[in-house]
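Chemist: here is my input, please return the structure:
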Amino acid sequence: MDGDYAAIDLGSNSFYLLVVRRVHETIHITDRIRETVRLAQGVDHTGRVAPGIIEQAMACIARFAERLSAVPRHHIRAVGTQAFRENKSLDDFLHQASEVLGVPIEIIPGEEEARLIYRGIAWREGIHGQNMLVFDIGGGSTELAGGTAEEPDWQDSIPMGCVSFSKRFFPPQQPISKNRLLQARFSAQSQVCHLCPGMGTPEVVYGASGSVRVVRYLLEYFDLLQGNAITSAALDSLEKQLFQGQTMNRNKLLALIPDRAEVFPAGLAILRGVMDGLNLSHVQVTDAALREGIMVELVRPEIASDTREKTIQGMQRRFSLDDRHGIRVANTAQALWPQIASAWSLDQDPSDPDILRYAACLHEIGQAISHVGYHKHGAYLLRHAHLAGFTERQRHILVMLVRNHRRRLTMNARKLDGAQRSLLGLCITLRLAVLLNRNRLLQPPPPWTIHGTYPTLHLDTQKGWLDQRPLLRANLAEEAHRLHQAKVHLRLGEYAP
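Modeler: Reported below is the predicted structural model:
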C-alpha cells in the first residue's frame, strides 16, 4: 500500500527513526533521525537506569512522535534490542514510550535482530549471488549474519557492544592504554571465532553501526582509507595516529568525535576483534542496519509472514512432526478462538490467530525428547530455538501455548490482566482443539456454541453428540477439573438439534 512508513530502532546506545514513502512499489527515504541516549551506560549496580537517562530517552521519543504525527499508526513499527532484552527495569519506560508513540514497542531476540540487519543491508546494497557477511556493533551486542540471498543462511548475536565493553575495559578517568585495547580486542576475537567453520568464505563483507562509521570517518580524516574499505593495516595506522606513547590521546578524540569519544575505543577493539577472529582482510562500510530491515518487512508484510511460515515448516521437518495432525488441530483451534474471544470480550492482537496456528502445528514437538512431559520439553525447545521472524512477545506466547496445551495450567484466572486473559483464552482454545482431535481423524469442527462471562465458559453441543464419544466426554470432564484448579469454570451443556 502506498504512503508513509516509519521504522524505530531503540538501541542500547542510540535511538533511530527512519521514515520512507512507498509509491508504486518504489521506496524513497524521506527522513532520518538519530539521537545518542546510551541506556546501557546509565545502568547502576542495582540494574536500574539513571533517571536522567530515562528523561533524555523519553524526550527523544516525544520528538519521534511529533515527526510521526502524520504517519498512520499501522505503518509504524518500533523495536527494542539488547538493553531491553536484558534489563526488565525498563518495562515502565517501554509502557510510557508506547503510549507516546501510539504503537507497541516489540522486543526482538538477538538472532532476529541479526536477521533484520542482514535484510536491511541486502536491500540497500543488493545481493548478487555472492556470499555476503554483515555485522553490526551495537551498544550492548554485536549481530552477525551471512548468506547468498535476501534471507540469511545463518545469524548470531553476541553480547558485546561498544557501551558494555567501555564499562568493562575502559572505565572513566582511567587511561586508554594499548594493553586495555588489546585485552578488549582479544575478548571480541575469542567470541566470534566459533563462527568460522559454518560461514564459508565471504566474498563481500559489510560493517554497520556508528562504531564502524566513525572508524571510517577517522580513516578519511587521516587519509588512511582505501576506497570504502577498512583494512587491518589501516587500523594499525589509525592507532598510531591516536596514541601518544602507551595511552590514547583523549583530547584528540574529543576534538574529532565529541559524541563518540567515550565509546570509540571499545568499538575499535570489537571491530578489530571481529576482523581478526573471522579472518577478514577488509570490510566495506554501509549506512544500512536494523531500521532498514524493519522497514523492508513493514512495507512488504508478506515477507515477515513468509519468514515465520518457513520457520514453522523448518521446525516440523527437523523434528519429524505429523504436519497433517497439526493442521487438523490448527483448523479446530481457529474455529473455536473467535467464539471464546467474543464470549470473554478478550483483547485481540492481529497476530494472535497466526501464533495459535503455529502452536497447534508444533504442540507435539517435545515428543522428540520424550512422551512423558512432552509439553514441558516442547516449551524448552521453543524457548531456546532460533525462530526467524518472531518477536520476543510472539515467542513468549508460542512457548506458553505449547507449555499449557495439556496437563496442569500454569495460569490463575483470578490474577490476570487484560493481555494475560487473552493468553489464557488462547491456551484454553488450544487445549480443547487438541482434545477434540485425539483420535487423529479428519473431521468437521464440533457443533458447539460457546458463551459465558470470564472466567466461566459454557460449551453447548447438540443433544446426544457426546453420547457417541465416551472418551471425549471423559476427557472434557477431566479438563473441566484441571481448569477449575486454575479458577476457570468449564460448563458442558446440550441444545436440541
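
Chemist: which helix or strand contains D9?
Modeler: Here D9 sits within strand 3-10, counting by DSSP states H and E.

Chemist: identify the residues contacting that strand?
Modeler: With contact meaning CB atoms under 8 Å, 6 or more residues apart in numbering, strand 3-10 is reached by 15-22, 30, 64, 68, 70-72, 75-81, 83-84, 97, 101, 105, 289-292, 294-295, 298-299. C-beta: built from backbone N, CA, C; applies to glycine.

Chemist: likewise for stretch 483-497?
Modeler: So stretch 483-497 is in contact with 408-409, 411-414, 424, 428, 449, 452, 455-466, 476-477, 479-480, going by CB under 8 Å, 6+ apart.

Chemist: in strands, which of those residues appear?
Modeler: Within those, residues falling in strands by DSSP state E are T449, T456, L457, H458, L459, D460, T461, Q462.

Chemist: ok so, going back, give me the subset of the contacts of strand 3-10 lying in helices.
Modeler: Those of the contacts of strand 3-10 mapping onto helices are F64, A83, F84, A97, L101, L290, R291, E292, I294, M295, L298, V299, per DSSP state H.

Chemist: can I assume the third one is in contact with P109?
Modeler: In other words, F84. No: the pair F84 / P109 is not scored as a contact, 11.2 Å apart, by CB atoms under 8 Å.

Chemist: who's more crowded, these two?
Modeler: F84 (23 against 19; other CB atoms under 10 Å).

Chemist: gap between the more buried one and V43?
Modeler: Per CB to CB, to the nearest Å, F84 is found 12 Å from V43.

Chemist: again, but for P175
Modeler: From P175 to V43 the distance is 24 Å (CB to CB).

Chemist: comparing those two, which shows the higher neighbour count?
Modeler: Higher neighbour count among P175 and V43: V43, with 23 against 13, using other CB under 10 Å.

Chemist: for the nearest residue to that one once chain neighbours are set aside, the count of nearby residues, please.
Modeler: Counting by CB to CB, 6 or more residues apart in numbering, the nearest residue to V43 once its immediate chain neighbours are dropped is V49, at 5.6 Å. Neighbourhood size, V49 [other CB under 10 Å]: 21.

Chemist: OK, contacts around the nearest residue in space to G52 that is not next to it in sequence?
Modeler: Sequence neighbours aside, G42 is the residue nearest to G52 in space, at 7.4 Å (criterion: CB to CB, 6+ apart). For G42, the contact set (CB under 8 Å, 6+ apart) comprises V49, A50, G52, I53, I54.

Chemist: one more pass at 7 Å, please.
Modeler: Counting by CB atoms under 7 Å, 6 or more residues apart in numbering, G42 makes contact with V49, A50, I53.

Chemist: same check, this time on F93
Modeler: Per CB under 7 Å, 6+ apart, neighbours of F93: I54, A57.

Chemist: if we use 10 Å, what do you get?
Modeler: Contacts here follow CB atoms under 10 Å, 6 or more residues apart in numbering; on that basis F93 touches 10, 39, 49, 53-54, 57-58, 61, 80, 83-84, 87, 105.

Chemist: nice, that's everything, thank you.
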